[in-house]
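>>> structure for the following, please:
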Amino acid sequence: MSKKVLLIEDDRIVRENTSEILELANYKVKTAENGKVGVLLAKSFLPDIIICDILMPELDGYGVLQIVSRIPELDQIPFIFLTAKTHHQDLRKGMELGADDYINKPFEESELLRAVETRLKRVEAFESKIKSKNEIPLLNNKKIKSNIDIKDFDQFLNQKPIFKYKTGETIYCQGNQSNHIFFIKKGNVKTYKINEIGKEFITGIYTDQQYFGYASFVKQQPHAEYSEAITSTQLYKINKDEVAAIINNNHHVLYQFIDFLVEKTVSYKNKMLLLAYGSVRKKTAEVLLSLQKDFLSNSKNEISISRSNLADLIGVAKETLARTLHDFKVENLIDFTSKTITILNKNALQKVQ
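This is a model prediction of the structure:
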């Protein structure tokens, strides 16, 4: 059965051209010329996905998103903004309200279809997981063994759907409701905050076999930060019922997770102290050592991370980072190429002040 798309766009030409593209791709499309008409149509049409312009008469795109997110039949429908607005604050506002994606006008046909297909596939994966939930032994309390070992936990993960994200793709946004703990099967993820002037500050970097998104999950509050895949990433989403079932019957997993949270808390506090009182050289050295130990390193001690992400992780401008890396290279502490950084003298780097 063809998936249903609701397109809300006040520009007649854009509306007709976009509708034609979607219909040629075998989607069933209904259109609305403004936000008010779009909301009414959404209630009766019950689309599988909504594509909505931001600047419209009667009711703008932000208003449409706020209304449909409060309607039980519509609150889980993927919502994509179609807009010519490209200011960071506009994107941030939409993401905080719960938008799933943005497509900037003008756009390529392939870009539109790829965005729609990606969001619909994620919904299908989620629904498939819910449908098979009762078939997973670990989620049926009557079937849970009292002494499940870590091997059984791995088997449990293997039965779960894998969510795939491309480099640069958003995993969750600040303000999104937290219903899962995320566990990385393969790849690298960053979490970050954005200040009022649009400056990004990375709060954490995570890699294979690590959890993230747990702070909001534990506090049962919306996410207080953004997360993004910085390489192609595969991950599992473990929901509240699953966490309870695992912890209740795998005490060693609980202890491991507590140790992990304590370690992250201590690391975060040390990072805050370093940012407040450390010199640029000290901050850069500490971050490089941390990355070399826990993230993106290999037998050659090479760290593969973009200069932009590294600067945001340290909390300095890219120009400042470039000068500091150059100084470290002159001092034979590190070597680097355009894509990698290699630590040459770990002991000396630890003594940098």
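
>>> residue 308 against residue 317, yeah?
No: at 10.5 Å, residue 308 and residue 317 do not qualify as touching, with contact defined as C-beta atoms under 8 Å. In short, each C-beta sits where N, CA and C put it, glycine included.

>>> just the pLDDT for the residue nearest the centre of the chain.
Closest to where the C-alpha atoms of the chain average out (C-alpha atoms, centre = their mean) is residue 171, at 1.9 Å. Looking at residue 171, its pLDDT stands at 90.

>>> tell me the SS of it?
strand (DSSP: H, G, I helix; E, B strand; the rest coil).

>>> can you start the count at 2 instead of 1 from here on
Okay, residue one is now 2; in that scheme the one you just asked about reads as residue 172.

>>> spit out the contact partners of it.
Contact analysis of residue 172 by C-beta atoms under 8 Å, 6 or more residues apart in numbering lists 166, 183, 190, 214, 228-230, 234, 236.

>>> make it 10 Å
Listed by C-beta atoms under 10 Å, 6 or more residues apart in numbering, the contact set of residue 172 reads 164, 166, 183, 190-192, 213-214, 224, 227-230, 234, 236, 238.

>>> and for residue 104?
By C-beta under 10 Å, 6+ apart, the residues touching residue 104 are 19, 52, 81-84, 112-113, 115-117.

>>> rewinding a little: what's the closest of the contacts of residue 172 to residue 303?
residue 191 (18.7 Å; C-beta to C-beta).

>>> just the contacts of residue 172: which are in strands?
Filtering those for membership in strands, criterion DSSP state E, returns 164, 166, 183, 190-192, 213, 227-230, 234, 236, 238.

>>> closest one of these to residue 62?
Proximity of those to residue 62 was ranked by C-beta to C-beta; the top entry is residue 227 with 20.2 Å.

>>> confidence score at the closest one?
pLDDT recorded at residue 227 is 89.

>>> quick check: it touching residue 194?
Yes: using C-beta atoms under 10 Å, residue 227 is in contact with residue 194, at 7.3 Å.

>>> between those two, what contacts are shared?
Common neighbours of residue 227 and residue 194, counting by C-beta under 10 Å, 6+ apart, are 175, 201, 203-204.

>>> farthest pair in those residues?
Between any two of these, the greatest separation by C-beta to C-beta is 13.7 Å, found for 175 and 203.

>>> who has more neighbours, those two?
It is residue 203, of residue 175 and residue 203, that has more neighbours when counted by other C-beta atoms under 10 Å, with 22 against 18.

>>> check which residues of the helix or strand harbouring the more buried one are buried.
For residue 203, the host element (DSSP states H and E) is strand 201-207. Under the neighbour-count criterion of 16 or more other C-beta atoms under 10 Å, strand 201-207 has 201, 203-207 buried.

>>> quick one, which of residue 227 and residue 194 is more surrounded?
Between residue 227 and residue 194, residue 227 has the larger neighbour count (other C-beta under 10 Å), namely 23 against 14.

>>> in stretch 308-324, what's buried?
Within stretch 308-324, the residues that qualify as buried are 310-317, 322, counting by 16+ other C-beta under 10 Å.

>>> ugh, typo on my part, it should be stretch 16-26
Taking 16+ other C-beta under 10 Å as the neighbour-count basis, stretch 16-26 is seen to contain the buried residues 16, 19-20, 22-23, 26.

>>> now, those residues that are in helices?
When helices are assigned by DSSP state H, the members of these inside them are 16, 19-20, 22-23.

>>> in a helix, that's where residue 53 is, yeah?
No: the secondary structure assignment for residue 53 gives strand rather than a helix, going by three-state DSSP.

>>> give me the local confidence score for it.
Confidence at residue 53, expressed as pLDDT, is 94.

>>> got the contact list for it?
Contacts here follow C-beta under 10 Å, 6+ apart; on that basis residue 53 touches 7-10, 33, 36, 39-40, 43, 61-66, 69, 80-84, 95, 100.

>>> again, only using 7 Å
9, 39, 62, 65, 80, 82-83 (C-beta atoms under 7 Å, 6 or more residues apart in numbering).

>>> could you do residue 346 as well?
Contacts of residue 346 (C-beta under 7 Å, 6+ apart): 333-334.

>>> ok so, going back, can you redo the contacts of residue 104 as JSON lines with secondary structure and distance to residue 123?
As requested, these are arranged in JSON lines below (DSSP: H, G, I helix; E, B strand; the rest coil; distance: C-beta to C-beta, whole Å):
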{"residue": "19", "secondary structure": "helix", "distance to residue 123": "21"}
{"residue": "52", "secondary structure": "strand", "distance to residue 123": "16"}
{"residue": "81", "secondary structure": "strand", "distance to residue 123": "12"}
{"residue": "82", "secondary structure": "strand", "distance to residue 123": "17"}
{"residue": "83", "secondary structure": "strand", "distance to residue 123": "19"}
{"residue": "84", "secondary structure": "strand", "distance to residue 123": "21"}
{"residue": "112", "secondary structure": "helix", "distance to residue 123": "17"}
{"residue": "113", "secondary structure": "helix", "distance to residue 123": "17"}
{"residue": "115", "secondary structure": "helix", "distance to residue 123": "13"}
{"residue": "116", "secondary structure": "helix", "distance to residue 123": "11"}
{"residue": "117", "secondary structure": "helix", "distance to residue 123": "11"}
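
>>> fine, thanks again, bye for now.
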